[in-house]
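Visitor: Structure for the following, please:
(one chain, ligands or ions: 3)
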Amino acid sequence: MPRQSPPAGPGEPDWAAAVAAVRGLGPESRVLLICHVNPDGDALGSMLGFGLGLRRLGVRQLQATFPGPPEVPEPFRWLPGLELLVPATGAYRDPDLVVCFDAASESRLGELAGRLAVPGPVLVLDHHASNTGFGDVQLVDPAAAATSVVAEELLARLDVPLDAEIAACLYVALTTDTGSFRFDATTPAVHQLAARLLATGIRPGDISREVFDTRPFGAVRLFGEVLGRARLEPPAAAGNGLVWTYATQDDLARHGQRPYVLEALIDSVRCTAEADVACVLKQVGPGEWAVSLRSKGAVDVSRVATALGGGGHRFAAGFTGRGDADAVVDRIRAELDSALVTS
Ligand code: AMP
Ligand code: MN
Ligand code: MN
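Guide: Numbers count the residues shown, from 1 in each chain. Ligands and ions are numbered 1, 2, ... in the order given. Predicted coordinates for the structure are as follows:
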């Protein structure tokens, strides 16, 4: 069950425990950094930025990994710290410390979930209100715009100065999770963090172009096709409206595209004025869909996603759908009314 009210952010004892876990590492200690499956900018950026910070502290035996195929999406292939990445199959079996980024639950860690029973402590950095409280030390702040906000605070408490490489990673994480500073989570503290990151000399124009504004031409054509089949259902969600579309593996193959290009699709769909809820179904296998949900506020999509086996935030959530696309959308439609925000 999701928590009814979001947990408070980390308290001083949590920060102290996290700092002690890192400070207690010896020269031979092995540290494993992990993040959620199908990693996004926040998962990769906070993990690699923190990893580079640990490097600065002299941690030598350091690996970063994520479940599933060890493929970094093209927009993130320039990130500093990529050299820390190893395939999940090759990751340390008995690390002295595990640090987990941007995963609300163990289920988001795929085959790495089984690696949490290790000798060393498991430190969890996250910002999902639905975080299940797994791990030994939780730095979980539901008010944080991105996991990178938590990562930067921990680095500061460890006296690691920001440099351009660390900052590039944390900036990617911050801009991807705030929709380039457009969402309500964009507090004064977020802009203050952005200012500290930019002060290292990173170039926001170059970073945004790499991350948000560069796609193969085939992806442009693919978007045309997939957006062309979008459907608008004004009566859904008690009249607040639903807009949805889907992309199959065959669509990807016909246009010669990798799955990562579909991550941006939801942003083109969710701008539909006539719908509070937007949904994109991305086929990941036979009868299996990675479903993205977005809301403008009338519906809490994390409740819809959680009811269907996933999770996320009030305005952005997701789950794995099974069956044909229409059947998955039927199940979403059926959950919308009970996820209406009343207060
Ligand atoms: P996405 O639509 O993939 O950008 O995901 C939006 C949000 O939903 C993210 O914050 C994820 O943490 C969450 N989310 C997406 N897919 C899942 C899933 N299968 N299980 C749990 N949470 C998910
Ligand atoms: Mn994420
Ligand atoms: Mn995040």
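
Visitor: Remind me what the lowest-mean-pLDDT helix or strand in the chain packs against, helices and strands.
Guide: Using mean pLDDT, DSSP states H and E, strand 311-312 stands out as the lowest-scoring helix or strand of the chain, at a mean of 94. Under the contact criterion of 3 or more C-beta pairs under 8 Å, 6 or more residues apart in numbering; DSSP states H and E, strand 311-312 touches helix 301-307, strand 316-322. Where you see a C-beta, it was placed from the backbone N, CA and C, and this is true even at glycine.

Visitor: Please identify the deepest-packed of those.
Guide: helix 301-307 (a mean of 24; mean count of other C-beta atoms under 10 Å).

Visitor: Can I get it in CSV? Just the C-alpha atoms.
Guide: Output in CSV follows, covering the C-alpha atoms of helix 301-307 (Å, rounded to 0.1, in the frame of the first residue of the first chain):
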residue,chain,number,x,y,z
VAL,A,301,-1.5,9.1,-11.4
SER,A,302,0.8,7.5,-8.7
ARG,A,303,-2.5,6.0,-7.3
VAL,A,304,-3.4,4.6,-10.8
ALA,A,305,0.1,3.2,-11.3
THR,A,306,0.3,1.7,-7.8
ALA,A,307,-3.1,0.0,-8.2
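
Visitor: What average pLDDT does it get?
Guide: Helix 301-307 carries an average pLDDT of 97.

Visitor: Looking at the helices and strands packed on strand 311-312, which is nearest to residue 167?
Guide: Residue 167 lies closest, by C-beta to C-beta, to one member of those: strand 316-322, at 24.5 Å.

Visitor: on that earlier part again, got the contact list for the least confident helix or strand of the chain?
Guide: 2, 104-105, 108, 128, 130, 293, 301-302, 305, 317-319 (C-beta atoms under 8 Å, 6 or more residues apart in numbering).

Visitor: Pick the one among these closest to ligand 3.
Guide: residue 128 (7.4 Å; C-beta to the ion).

Visitor: Okay, now the unreliable bits of the stretch 201-343 of the chain?
Guide: 343 (pLDDT under 70).

Visitor: Going by secondary structure, the residue in the chain that ligand 3 sits nearest to is in what exactly?
Guide: For the chain and ligand 3, the shortest gap (C-beta to the ion) falls at residue 42, measuring 3.5 Å. Taking DSSP states H and E as the definition, one finds residue 42 inside helix 41-56.

Visitor: which residues touch residue 173?
Guide: For residue 173, the contacting residues are 41, 42, 43, 44, 45, 46, 49, 146, 147, 148, 151, by C-beta under 8 Å, 6+ apart.

Visitor: Burial check on residue 80, number of neighbours?
Guide: Counted by other C-beta atoms under 10 Å, the residues lying close to residue 80 total 20.

Visitor: Pretty sure it sits against residue 52.
Guide: Yes: counting by C-beta atoms under 8 Å, residue 80 touches residue 52, with 6.2 Å between them.

Visitor: May I have the strands that pair with the least confident helix or strand of the chain, each with its orientation?
Guide: Sheet pairing for strand 311-312, assigned by DSSP bridges, gives strand 316-322 (antiparallel).

Visitor: The strand it pairs with close to ligand 1?
Guide: Yes: using C-beta under 6 Å from any ligand atom, we find that strand 316-322 touches ligand 1 at 316, 317, 318, 319, 320.

Visitor: Could you pull out the strands in this structure for me?
Guide: Assigned by DSSP state E, the chain shows strands spanning 30-35, 61-65, 97-101, 122-126, 137-140, 231-233, 242-247, 277-285, 288-295, 311-312, 316-322.

Visitor: circling back: now the helices and strands packed on strand 311-312 in CSV, with distance to ligand 2?
Guide: Output for the helices and strands packed on strand 311-312, formatted as CSV (distance: least, C-beta to the ion, whole Å):
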stretch, distance to ligand 2
helix 301-307, 13
strand 316-322, 9
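
Visitor: What parts of the stretch 1-150 of the chain come near ligand 3?
Guide: With C-beta under 5 Å from the ion as the criterion, the stretch 1-150 of the chain meets ligand 3 at residues 42, 102, 147.
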